[in-house]
Structures are given as C-alpha cells and as structure tokens.
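Undergrad: Below are the sequence and a predicted model; questions follow.
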Amino acid sequence: MKYRPEIDGLRAVAVLPVILFHAGFGLFSGGFVGVDVFFVISGYLITSLLLEDIENKRFSLTNFYERRARRILPALFLVMLVCLPFSWAWMLPSQLLDFSNSLMAVSLFVSNILFWRESDYFAPAAEEKPLLHTWSLAVEEQYYLLFPLFLLLAWRNGRNVAFWMVFALALASFALSEWASRHEATANFYLSITRAWELLAGSLAAFIVAKRGVLANNSLAAAGLAAILISIFAYDKSTPFPSAYTLLPVGGVVLLILYARSGTLAAKLLSLKPLVAVGLISYSAYLWHQPLFAFARLKADHPPAPVVFLVLSVAAMGLAFLSWKYVEKPFRQIQNKCLILSFSAVGILGFTLLGLLGNMREGQLNPYMSKPANILWSDIGDRIHDEGLVCNTKAPLRPQTHPNQNWLTGCIFGDLTADRNVVLLGDSHSQAISYELEKTAHAEGFKVHWVFLEGCQPVPALRADKNTSVTDCDTRFEALLSYVKRLSADAIIINRWMYRMFPVDGYNIDMPYKNSEGPIESKSYREFHVLKDGAFFSDPETKTKTLKEYITKVAGVSERTFLVYSVPETAINVSRENWRHWNKTGALLQNLDMPYQDYIRRNAFAASVFDSLNLPNLVRVRPDDVFCNQTRPARCDIQINTTPLYIDDDHLSDAGARLLINSFLEKLRSTH
C-alpha cells in the first residue's frame, strides 16, 4: 500500500484534540472525536492491507495477528509497566482494585466492557483511571480479531458482494448506535457493536480507493477537514456519541481518504512536516497522556491548574517520541515472528496475573495501607458507589402491580418480620446512610424499602438530558407514590440537593464545588433542568415549584416524611487526605473541618424552599445541626479526631451516617 503522509497528518489532527480535551481545555470541548477519527483511519488502513493480501493470495491470519501484536503491544506494555509503581504508591485500596481489574481487562482486550460496567466516560471518577483510554484500543482489537474472518467469508461471494455485506453491517451498527444513544448511552459509547460502523466506514473507503484510487477534489477534501474541525470545537460532553452527530467527523475522514490526493490543499496542510511528525508518534502519545493526567489528579491536593496539564501534554509528546523511537520502531524491525508472539503471550499472561492478584487481594497490595484503620474504614465505605450493593443479599423489592412496572427497583432490608415500614428515597446520599440505617432498623424493629425509579432522576421532574429515552418519569413516580401509600410508611428523603438543582438562575452555585478556604472537589458536573414541553428551565421559580411538588406528593402518601436538608459538601476527599497524611508523616490525621458560612451560602436556595413548606407530617432533619458548630468559630466537622465522617467530599461514612440517623431516631421511634 502506498504511503500517504496526509494520513499521518490526520492522525495528528486526531490525537492533539483528544489530549487537550482530557487536559480540560474548554476550547477543545469536542476533542473526544479524535478517537472516532482514529477508528476510521484504522478501518481504512487495515482493510487496505487485507484487500491487498487477499487479492494477491498471500493472506495469513497468523501473519495478520502477529503484525497487529507487533504494532500495538510493546508500547502498551511499557505504559502499563510504568503505571504499576505509581498506582501502588498513590492509590487507595478501592482505586488499586479498579486498576487491577483494568490490568486484566486491557491484557484480554475487553477494557471497553469493563469501563462500560464501571463508569460513564465523562464521569468524575473516570478522570483518575490511568488506563481508561484503552477502551478504544479494545474496540480496535476486537475489530482486528473479527473483521478479517468476516471479510474472508464475504469474499467467497466476490468483491462487490463483500463490499455490500460490509456496507450492510455498517448500516446495522449505525442504526443500533443511533437507537442506543437514546436508550443505552454508556453502553453505546464503549461497546464495539455500536462503534463498528466507524471502523467499517474506513473499510468501505478502502474498497473504493482500491478500485479507483485516491481522487483529487479540493472542495470535498476541504469539506472533510472542515467537518472534523467543526466537530472538535462545536461538540461537547452533552453531544450524544456515537450517534448521527458522529457522521460529521466520520464523514469528514472518509472524504479526506477519498479525495485528499497529493496536491490538494487539504493534503498539503496535513502533509506539513510538524503534523506528520506528530502523527508518527500519535499512538504512543495517546497511550501516555491519560496516565500522566490521571496520576497528576491522584497526587495533587487540589485539581491541577491548566498550566500543569499543558506541561503534562508536552511531556506526553516527549515520552511518545522516546517510546516510538526505542520501542515501537525496534519491535517493527524484529523479523522473528515466534519471538514477537512469545513476547506478546508473556506480557498478556503477566499483566493478567498481576491484575488477578490485585483483584483477589481487593486492592490491599500496599502494606502501608493496612496500618491506619481510619483510612481503610473510610475508603471501604466507598462501597456505596456500587449501585445497590447493600441490596445484593437483601430481599428484592417487588412493588409491581402490573408487569410493566418493573422500573420500580431496590430492596427491603432491616427487620423483615416487622410491621413498621420506612421508605428510603434519594440519590447516592441515600446509599451512604443505608448501611447504618440497616443496623438501626434491625435494632428498632422496622424494615426499610429502598426504592429507585429506573431511568429517572431522584427528583423525577428533573432531567440532565432532554434526549433521554425515559419519557414517563411522572407515571413512574405515581407508581412509587402508590407503593408508599399501600405500605402506610414513613419516608426518608435525602439527596445532594444543590447538585440536583444546579444551575439555578440568580444563584452563584459553583460546580465543581469550591471551598472558600481553597479546596475544590475533583469532579465534573451535570446540569439539571426541569423539562416541560420539550424545553429546559433553570429559573428559581420553576425549580422551587418542582421541589415543593415533589416533597408535597411524597408527604401526601406517607405517614411522616423525614426531609433531610443538604449534607455539608466539603470539597475535601477525606479518604485521600487521610492516606496522603499517613504516607507523608506516618501519623494519623487529626480533625478536619470547614467554614459553616460555606454551607449556608451553598444551600440557601434549597433551604429556603424547604423552610417554606407547611406540611403537618413533615419532619425536618438538619445535618448542619449535627455536623456544624454554629457559634464562634463557626465550623462544620469533616473528621473528628481520627474518625472520618465522610468517605469522600460529600458522602457520609458509617460514622457520619450514624450521627445523622441518631439525630432523628427518637422521632422515628415514636408511634404514628
């Protein structure tokens, strides 16, 4: 296949926006489309090689897989190896467990499936996963594994039939992707079946180029380059991806492949030596940037400044050059196929076993982590982030009065023989108190029904995405109300209210949350609006009405409604601070707190709405009465002595949950 320098230039156009997007530079809000550009390029190049080999009757699966191993694995193994000591030294056990799982998944080419099960690509926790970016390698590796076999089978019917079979497969994958973008967004982002059409678009371009060559068309080539650039700067995290929106960058790459022949303006631009040079090291640059960013976030006390990420981006390019020169190139020149295959097998087996060890030890690989109990205790509390984990061994919730109401999910725990019922509603803050609430329920003789509305926000009228596939949250909420009413239950409602209310017009609510004394939570955020008649509203009047209606309706069907005001947000990750302090000093961290005025300012909107409610069966629970000293000096406790009240920056630990529950336990004990 004839070398095309503009393709290397196009790789540079792909990798640089990806790096700058992950670095957090808002200008490159759609930089993630660089991965889609890579997919199309890979599909084109691999199919071009396959077509040449098949037509010349020299195709060999063994040779193909050996070339892929030679191209992908050496640099990948190097990056994984370098990640090991930093992960061991800087990660909490829960993070080290996740990293161990990713070692296994990357080695077995299924990291896209792992990360689909673990987290949203744009979620805050994803930013601290050193190997998150390997999901795209897994998609390509799965394509490499299956597509040659498919092409061989399709080729039996002739070249033209093979082309149309590839086209049909691409069309089916695109249709599934468009559907999944509305119904299964996270799976759609990660899985090969919904990404295949992008690689296959490159495959179709390879068929066309093999038949007629690369044509010269300045207008179409320029349009292709413009389409890619527009998507990089116009798209953002809210753009459904992949979906019909992805046609813009994918179509742009296809136009460049077909029409950017040498001499066209687009080809001249993409063939500039600096771009070609970056393109040559683009694979290594892609591999290095995410671990650098992730470990910087793990190590820093506060989210690193933009200049730090700029320096790290340059460092990624420097490391990329070194690994390209001293790892990628030498391995490509090795002629001994057995050596390459043996090296690949040893690397795959070795990293899989290391990951398995970390998994079996549940991330307890660092001996220092076994000493300070408060670190382990608060970190193990991170179990609440596993959706419904407390329900794993509990009685399943069966509220259905109709087969189609299976979207009322959750479980029943506590004293299952008791007649008294309590319903727990909310977001992950309800998960945070669920473990301690279960102990209380056993001791006090009541059972807890922990209920979620599948596919809906904890406040059903709110939406984070107006394109959501679930359009009947109001209907689902009515079913929940009917369930609560049948139980004659008390209800406990606990949410991270200001996160759910962000943004509110006229209120200065920062996301991510900024503590007035400096700390900033290391998370991104979502915006929640009231969706009405296809429009989004964030004005305080609409959100006030929404909150009041939600609380009033729950209170209308429950015996008593325990409304928990906002738990103080701290912007201080307690588990991480404890670990860092121990790692630096060998001593336990003594006490953490924050200004009470931060809490007052932060929660003014939600508190004013709740204060205005006049419902006879409403019991107000004020976490600031528990955690905050409201006299001089006005502070809110985060950790008392060596006992953490939080597991991160806003979720309560078991100790914190126990204090909160005890604050309203006497009222909960009282008869109806």
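TA: Yes, it's here. Residues are numbered from 1 along each chain as shown.

Undergrad: pLDDT score assigned to Asp616?
TA: Quick fix: residue 616 is Pro, not Asp. We have a pLDDT of 94 for Pro616.

Undergrad: please begin residue numbering at 105 from this point
TA: All right, first residue 105 from here; so that's Pro720.

Undergrad: For it, give its distance to Ser662.
TA: 12 Å (Cβ to Cβ, to the nearest Å). No exception for glycine: its C-beta is placed from N, CA and C like everyone else's.

Undergrad: So which of those two has more stuff around it?
TA: Using other Cβ atoms under 10 Å as the criterion, Pro720 and Ser662 rank with Ser662 on top: 25 against 6.

Undergrad: For the more buried one, which non-adjacent residue is spatially closest?
TA: Nearest residue to Ser662, sequence neighbours excluded (Cβ to Cβ, 6 or more residues apart in numbering): Ala595, at 3.9 Å.

Undergrad: so which helix or strand takes in that neighbour?
TA: In this assignment (DSSP states H and E), Ala595 forms part of strand 594-598.

Undergrad: can you map out the strands along this structure?
TA: Assigned by DSSP state E, the strands in the chain fall at 499-500, 512-518, 525-530, 551-557, 566-567, 594-598, 633-636, 639-641, 665-668, 696-699, 722-725, 732-733, 739-744, 747-748.

Undergrad: The second one to strand 525-530, inter-axis angle?
TA: Put plainly, it is strand 512-518. Taking axes from the mean of the first three to the mean of the last three Cα atoms, to 10 degrees, one finds strand 512-518 and strand 525-530 inclined to each other by 130 degrees.

Undergrad: Would you mind putting the CA coordinates of strand 512-518 into CSV?
TA: Extracted in CSV, the C-alpha atoms of strand 512-518 (Å, rounded to 0.1, in the frame of the first residue of the first chain):
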residue,chain,number,x,y,z
LEU,A,512,-39.5,0.3,40.5
THR,A,513,-36.3,-1.3,41.8
GLY,A,514,-34.4,-1.6,45.0
CYS,A,515,-34.6,-3.9,48.0
ILE,A,516,-36.1,-4.4,51.5
PHE,A,517,-33.7,-4.6,54.5
GLY,A,518,-33.7,-4.3,58.2
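
Undergrad: The strand holding Ala595 - contacts with which helices or strands?
TA: For strand 594-598, the packing partners by 3 or more Cβ pairs under 8 Å, 6 or more residues apart in numbering; DSSP states H and E come out as strand 525-530, helix 532-548, helix 644-661, strand 665-668.

Undergrad: centre of the chain versus it, how much separation?
TA: From the chain centre to the centre of strand 594-598 is a distance of 29 Å (Cα atoms, centre = their mean, to the nearest Å).

Undergrad: for stretch 269-280, same thing?
TA: Worked out by Cα atoms, centre = their mean, stretch 269-280 lies 27 Å from the chain centre.

Undergrad: Pull the residues that contact that stretch.
TA: 254-255, 258, 261, 297-301, 304-305, 307-308, 311 (Cβ atoms under 8 Å, 6 or more residues apart in numbering).

Undergrad: What are the buried residues along it?
TA: The neighbour-count check on stretch 269-280 (16 or more other Cβ atoms under 10 Å) flags Met269, Val270, Phe271, Leu273, Ala274, Ser277, Phe278, Leu280 as buried.

Undergrad: Show the average pLDDT along it.
TA: Mean per-residue pLDDT for stretch 269-280: 97.

Undergrad: Output that stretch as CSV, nothing but the C-alphas.
TA: What follows is stretch 269-280, C-alpha atoms only, in CSV (Å, rounded to 0.1, in the frame of the first residue of the first chain):
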residue,chain,number,x,y,z
MET,A,269,-22.0,-7.0,3.0
VAL,A,270,-19.6,-4.6,4.8
PHE,A,271,-22.0,-1.8,3.9
ALA,A,272,-25.0,-3.6,5.4
LEU,A,273,-23.0,-4.4,8.6
ALA,A,274,-22.0,-0.8,8.9
LEU,A,275,-25.6,0.4,8.4
ALA,A,276,-26.9,-2.1,11.0
SER,A,277,-24.3,-0.9,13.5
PHE,A,278,-25.1,2.7,12.8
ALA,A,279,-28.8,2.1,13.3
LEU,A,280,-28.1,0.4,16.6
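
Undergrad: what bits of the chain have low per-residue confidence?
TA: Low-confidence segments of the chain, defined by pLDDT under 70, span residues 223-229, 405, 470-510, 571-573, 627-628, 775-776.

Undergrad: Got the domain ranges for it?
TA: Using automatic domain parsing, the domain ranges for the chain come out as 109-466, 487-674+700-728+758-773.

Undergrad: what about the first one, how long is it end to end?
TA: Its start and end residues considered, domain 109-466 measures 47 Å (Cα to Cα, to the nearest Å).

Undergrad: For the longest helix along the chain, name the packing helices and strands.
TA: The longest helix of the chain (DSSP state H) is helix 165-194. When contacts are defined as 3+ Cβ pairs under 8 Å, 6+ apart, helix 165-194 packs onto helix 197-211, helix 238-259, helix 386-403, helix 410-427, helix 433-437, helix 441-464.

Undergrad: How far off centre is that helix?
TA: 23 Å.

Undergrad: buried sites along it?
TA: Using 16+ other Cβ under 10 Å as the test for burial, helix 165-194 gives 168, 170-174, 176-184, 186-187, 190-191, 194.

Undergrad: Repeat that for stretch 324-336.
TA: Leu324, Ala325, Ala326, Ala327, Gly328, Leu329, Ala331, Ile332, Leu333, Ser335, Ile336.

Undergrad: and of those residues, the nearest to Ile438?
TA: Using Cβ to Cβ, Ile332 comes nearest to Ile438 of these, at 34.8 Å.

Undergrad: surely that closest one meets Arg115?
TA: No: counting by Cβ atoms under 8 Å, Ile332 does not reach Arg115; the two are 11.9 Å apart.

Undergrad: so what sits against both of those two?
TA: By Cβ under 8 Å, 6+ apart, Ile332 and Arg115 have these common neighbours: Val141.

Undergrad: on that earlier part again, in CSV, list the helices and strands packed on helix 165-194 along with distance to Asp531 and mean neighbour count.
TA: Listed next are these as CSV, based on distance: least, Cβ to Cβ, whole Å; neighbours: other Cβ atoms under 10 Å:
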stretch, distance to Asp531, mean neighbour count
helix 197-211, 20, 23
helix 238-259, 26, 19
helix 386-403, 24, 23
helix 410-427, 30, 17
helix 433-437, 48, 12
helix 441-464, 28, 15
